[in-house]
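Undergrad: With the input below, show me the fold.
(chains A and B)
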Amino acid sequence: MPEVLKAPLVVEFPFTRSLGPVQSAFLTGLRERVVLGVRTTDGRTLVPPVEYDPVTADELRDLVEVAPTGTVTTWAWNHAPRRGQPLDTPFAWVLVRLDGADTALLHALDVPGPDAVRTGARVRIRWAAERSGAITDIACFEPYDGEPVRPGGSTGEFADPVTGIVAAARLDYTYTPGRAQTAYLDALAEHRAVGERCPSCRKVYVPPRGACPTCGVATTERVEVGPGGTVTTFCIVNIKAKNLDIEVPYVYAHIALDGADLALHGRIGGIPYDQVRMGLRVEPVWTPGARHPDHYRPTGEPDADYDTYKELL
Amino acid sequence: MTREIAVVAFAQTDTLRTTEEHSEVEMLMPVLHAVLDQTGLKTADIGFTCSGSSDYLAGRAFSFTLALDGVGAWPPISESHVEMDGAWALYEAWTKLLTGDADTALVYSYGKSSPGSLRDVLTRQLDPYYVAPLWPDSVALAALQAQALIDAGDTDEPALAAIAARCRATDNPHAQLRGEVPHGDYRVRPLRTGDCPPIGDGAAAVILAAGERARELCPRPAWIRGIDHRIEAHSLGVRDLTDSPSTRLAAERAGAFELPHGLKGMGGTPTVDTAELHAPFTAQEVVLRKALGLGDEVRVNPSGGALAANPMMAAGLTRIGEAAARIHRGESDRALAHATSGPCLQQNLVAVLEGDPR
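TA: Residues are numbered from 1 along each chain as shown, chains lettered A, B, ... in the order given. The predicted structure is shown next:
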């Protein structure tokens, strides 16, 4: 088994999400150090508030302020905080039923150790110093042994309400390409194109993905193809891609390497863009240190007959 | 219900901590071929294909379309996909067979968790407004549920450790964790390493068939007498984490509390002899046993369940497959299979399987 190729893969996305009227009021309230719940038609107060009753599906709009103090309904001790979590020192995850609420809110409780937390413990909100209208405006909870704090009378009317949040997310992966693509990439490093042949229909796939999509069987027999190939179809690119140092217009083409039953794609160079044509014979141009051909250029051979590549379009 | 539909074949991979030498389709293909071989069917004989997977696990967009290469999906086949556990793909295939559009269905699912950090990846399925920005990982949420159960007097840490030990005493050769496994330190208290499922890569596949076709393909089909799935409110603080009303309701609708098929009108006890429960964390088995009213006479998770192997997106389908395989082998006459999805048993599917009288 050859060494497994690996590469870091970061998937990062800032989701921009709009808020409904209840979510907007709740998150704006946090910015103003006010906690709002929503009253259901059967008289319960849900915190955090939702726009529709999870039991009856009634539309809920009756906002009511609850206290910043409450009671732990369950907890879990997190001795090794992970990236993005509310505190970077050991803390307890808690569900907290705020005074005046009938349901519980998930957050972190800042206590020195697991012996300092129990179900039924009294806690209060520690507000973040900078607040923007997000659940993280609550920095965490902290122990509280005073009287319940009387909530104010806010009904969710605020100046300059937040109407959306940007939720950043990042996940880190280690990408491994699998058996067939590893062999393909290893051959490319030697400036060779190696596909795989289906044992059933005999088609040669380049790049190989490990299975024949027609027969549903593993492709195993390695077949070197190219280096020459035929342009089967192409387009002229007039839009400059970000971070790509290629002058427009240029030609991007499907290229059937000799011996392959599937066209791959690549840029065509070494010829004016308006002279590229179907059937043009091309070969790869390699640059030192790169695993993929930089582009393909004309070989100077006569154009291929349409009949030789019409099945590969 | 006008058509009888059965699970006629089941195959699974070994679940491994990493399958880095294989792509998803390379990992999946052997189980696809194994279920087809069990029935003698070829890809072209299959009426409907449905799969379950999640691109978030390996961070590969549209990985399910690449996995379709392993089915032989060209020229185009009748096919569908759910971004869920394969148990829900099986549910879709079951409804497709009920309509009469197809007589056979191939259902598969796979999960390759090794490229990413699963505890963090799973935070992305949570409420994006109030919960996901706090990045509460899957073990932390399960630990909140476990503590609620302990507070309610439903279990304690030794009882949870006993559940882990019982599950891992399985003889299932595909299991990732088997035999004596140290219960370990707290991961997120009160859950210890042993209370948590192993993280692994794996795949599973089943074939469904209707009526006489099922009898042709399998000496003792595992008839799906009922199947249903239900979901609870997404806000954890709204739910009673010590109970699973959605599981109970799904079981009711699936007929788990009714008399066995052959005994209707003849008396008898409404029970199953085997239950394959998808309880990734020990405390969740306590919740499910309570919700389903399972007594000690029921064999629970002879396969080892998710504590022995928990390939994401495949572990639920595997519960149905394991229950069916026991019926195929004559080791069970009436089995309950359960699959779950989401934090703290948020969504639950229950199927009731029966073999013909022997």
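Undergrad: Give me the next element, helix or strand, following the host helix or strand of B:R326.
TA: Element membership of B:R326 [criterion: DSSP states H and E] is helix B:315-328. Later in the chain than helix B:315-328, the nearest helix or strand by DSSP H and E is strand B:334-341.
Undergrad: mean confidence for the helix or strand just after that next one?
TA: Tracing the chain past strand B:334-341, the next element assigned as helix or strand by DSSP H and E is strand B:347-354. For strand B:347-354, mean pLDDT is 98.
Undergrad: can you tell if strand B:347-354 touches chain A?
TA: No - Strand B:347-354 is not in contact with chain A by Cβ under 8 Å from any Cβ of the partner chain; minimum separation 13.6 Å. Where you see a C-beta, it was placed from the backbone N, CA and C, and this is true even at glycine.
Undergrad: what comes up buried for stretch B:44-62?
TA: B:46-54, B:56-60 (16 or more other Cβ atoms under 10 Å in any protein chain shown).
Undergrad: Of these, which are in range of chain A?
TA: B:56, B:58-60.
Undergrad: Including pLDDT, could these go into CSV?
TA: Shown next, in CSV, are those (pLDDT from 0 to 100):
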residue, pLDDT
B:Y56, 95
B:A58, 92
B:G59, 92
B:R60, 89
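Undergrad: from the middle of its chain, how far away would stretch A:299-308 be?
TA: 43 Å (Cα atoms, centre = their mean, to the nearest Å).
Undergrad: hmm, back to that, nearest to chain A, of the ones next to chain A among the buried residues of stretch B:44-62?
TA: B:G59 (3.9 Å; Cβ to the nearest Cβ).
Undergrad: Quick check: closest non-adjacent residue to the closest one.
TA: A:Y173 (3.9 Å; Cβ to Cβ, 6 or more residues apart in numbering or on different chains).
Undergrad: May I have the secondary structure class of the one you found?
TA: strand (DSSP: H, G, I helix; E, B strand; the rest coil).
Undergrad: same thing with B:A67?
TA: Assignment for B:A67 (three-state DSSP): helix.
Undergrad: returning to what we had before: using PDB, write down the CA coordinates of the helix holding B:R326.
TA: Extracted in PDB, the C-alpha atoms of helix B:315-328 (Å, rounded to 0.1, in the frame of the first residue of the first chain):
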ATOM      1  CA  ALA B 315     -25.600   2.900  12.700                       C
ATOM      2  CA  GLY B 316     -29.400   3.300  12.600                       C
ATOM      3  CA  LEU B 317     -29.800   1.300   9.400                       C
ATOM      4  CA  THR B 318     -27.500  -1.300  10.900                       C
ATOM      5  CA  ARG B 319     -30.000  -1.700  13.800                       C
ATOM      6  CA  ILE B 320     -32.700  -2.600  11.300                       C
ATOM      7  CA  GLY B 321     -30.300  -4.800   9.400                       C
ATOM      8  CA  GLU B 322     -29.100  -6.600  12.600                       C
ATOM      9  CA  ALA B 323     -32.700  -7.200  13.700                       C
ATOM     10  CA  ALA B 324     -33.700  -8.500  10.300                       C
ATOM     11  CA  ALA B 325     -30.600 -10.700  10.100                       C
ATOM     12  CA  ARG B 326     -31.600 -12.400  13.300                       C
ATOM     13  CA  ILE B 327     -35.000 -13.200  11.900                       C
ATOM     14  CA  HIS B 328     -33.400 -14.500   8.700                       C
END
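Undergrad: For the buried residues of stretch B:44-62, which two are the farthest from each other?
TA: B:G47 and B:G59 (33.0 Å; Cβ to Cβ).
Undergrad: And the helices in the chain, which stretches?
TA: Because you didn't say which chain, this covers chain A. Assigned by DSSP state H, the helices in chain A fall at A:21-31, A:179-189, A:306-309.
Undergrad: right idea, wrong chain: chain B
TA: Using DSSP H, helices in chain B cover B:24-39, B:55-58, B:63-67, B:86-98, B:118-121, B:138-151, B:157-168, B:211-217, B:245-254, B:282-292, B:305-308, B:315-328.
Undergrad: where in the stretch 151-300 of chain B is pLDDT low?
TA: Residue ranges of the stretch 151-300 of chain B with pLDDT under 70: B:262-270.
Undergrad: change it to 80
TA: Scanning the stretch 151-300 of chain B with the threshold set as pLDDT under 80 gives B:261-270.
Undergrad: hang on, the earlier thing: now, which of the buried residues of stretch B:44-62 sits nearest B:L122?
TA: B:Y56 (8.3 Å).
Undergrad: What is the burial count for the nearest residue to B:T39 once chain neighbours are set aside?
TA: Distances taken as Cβ to Cβ, 6+ apart put B:L217 closest to B:T39, at 4.4 Å, once the chain neighbours are dropped. As a burial measure, B:L217 scores 21 neighbours (other Cβ atoms under 10 Å in any protein chain shown).
Undergrad: B:L217 and A:E247, how far apart?
TA: Per Cβ to Cβ, to the nearest Å, B:L217 is found 61 Å from A:E247.
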